[in-house]
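> Got a predicted structure here, sequence first:
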Amino acid sequence: DAGVIQSPRHEVTEMGQEVTLRCKPISGHDYLFWYRQTMMRGLELLIYFNNNVPIDDSGMPEDRFSAKMPNASFSTLKIQPSEPRDSAVYFCASNELAGGLTGELFFGEGSRLTVL
Amino acid sequence: AQSVSQHNHHVILSEAASLELGCNYSYGGTVNLFWYVQYPGQHLQLLLKYFSGDPLVKGIKGFEAEFIKSKFSFNLRKPSVQWSDTAEYFCAVNRLGKLIFGQGTTLQVKP
């Protein structure tokens, strides 16, 4: 199994530019999560999907952030316009049952975003 | 506010020393508890988890954790650390299908 695949691994952009991060969950997993990791705040849950439907987006910091899951094998997290404070590592994770039974989230390698 | 707290932010140990990392949570009711590890440059991996039963849980690489319900704690332990245990360790609680993480503890093991 290829695991959770994220792209790009690294992105450096300038303030005001649009950033799109991509994620391919593990095949057969119903749930997909987007997390953001920073030194100040640690790991924060931004949003999660079940069967491609957003269930809880209360962690999305503001309207500049949006996430979509057009099908079971692909999700995007978009920041428009980007700001320096968005610099972080963004992780995507997937799971079969929202952690309810197995509890284990499978994480991707992360996308390190730097906004200048 | 309900949260997961890891009190040790940065721990430095020599090889063969014993390790204990604290984790406390403030959620009531039934909780599922986890420890994840993130080795340098890698993604998070599950170390161990507690759902029910024996409060002493054994995980991979010689790690264990003890769930103490009365203290709302789930501390991670290892009797003798190795240089390869250098990593960041995250405690997490499953609440309503969401995994809520603590701030993380960076462990540095000196050879």
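Perfect, thanks for sending it.
> quick one: residue B:105 and residue B:8 touch, right?
Yes: between residue B:105 and residue B:8 there is a contact under Cβ atoms under 8 Å: 4.8 Å. For every residue, glycine as well, the C-beta is placed using N, CA and C.
> who touches both of these two?
Taking Cβ atoms under 8 Å, 6 or more residues apart in numbering or on different chains as the criterion, residue B:105 and residue B:8 both touch residue B:21.
> More neighbours: which of these two?
Legend: neighbour count by other Cβ atoms under 10 Å in any protein chain shown for residue B:105 and residue B:8, higher for residue B:105 (21 against 16).
> For chain B, which residues are neighbours of chain A?
Residues of chain B lying near chain A by Cβ under 8 Å from any Cβ of the partner chain: B:32, B:34, B:42-46, B:49, B:51, B:90, B:94, B:97-104.
> Now list the buried members of these.
Neighbour-count burial (16 or more other Cβ atoms under 10 Å in any protein chain shown) applied to the residues of chain B next to chain A gives B:32, B:34, B:43-44, B:46, B:49, B:51, B:90, B:94, B:97-104.
> among those residues, which are in strands?
Judged by DSSP state E, those include B:32, B:34, B:44, B:46, B:49, B:90, B:94, B:98-101 as members of strands.
> Write out the residues of chain A neighbouring chain B.
So chain A meets chain B at A:4, A:31, A:33, A:35, A:41-43, A:45, A:48, A:55-56, A:91, A:93, A:98-100, A:103-105, A:107-110 (Cβ under 8 Å from any Cβ).
> List buried members of those by neighbour count.
Of the residues of chain A next to chain B, these count as buried by 16+ other Cβ under 10 Å: A:4, A:31, A:33, A:35, A:42-43, A:45, A:48, A:55-56, A:91, A:93, A:98-99, A:103-105, A:107-110.
> picking up where we left off before, how about the ones in strands among the buried ones among the residues of chain B next to chain A in a markdown table, adding pLDDT?
What follows is those, written out as a markdown table (pLDDT from 0 to 100):
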| residue | pLDDT |
| --- | --- |
| B:32 | 88 |
| B:34 | 94 |
| B:44 | 91 |
| B:46 | 92 |
| B:49 | 92 |
| B:90 | 95 |
| B:94 | 85 |
| B:98 | 78 |
| B:99 | 85 |
| B:100 | 88 |
| B:101 | 91 |
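> Let's verify residue A:68: helix, strand, or coil?
Of the three states, residue A:68 takes strand according to DSSP: H, G, I helix; E, B strand; the rest coil.
> For chain A, give me its nearest residue in chain B.
Chain B approaches chain A most closely through residue B:97 (3.6 Å), counting by Cβ to the nearest Cβ.
> And that residue, how close does it get to residue A:48?
When distance is defined by Cβ to Cβ, to the nearest Å, residue B:97 is 8 Å away from residue A:48.
> One more: residue A:59?
Separation of residue A:59 from residue A:48 (Cβ to Cβ) stands at 9 Å.
> same check, this time on residue B:46
Applying Cβ to Cβ, the value for residue B:46 to residue A:48 is 18 Å.
> before we move on, back to that, among the residues of chain A next to chain B, which are located in strands?
Using DSSP E, the residues of chain A next to chain B in strands are A:31, A:33, A:35, A:42-43, A:45, A:48, A:55-56, A:91, A:93, A:107.
> Just the strands from chain B, written as ranges.
Using DSSP E, the strands found in chain B span residues B:4-5, B:10-14, B:19-21, B:24-25, B:32-38, B:44-50, B:56-58, B:64-68, B:73-78, B:87-95, B:98-101, B:105-110.
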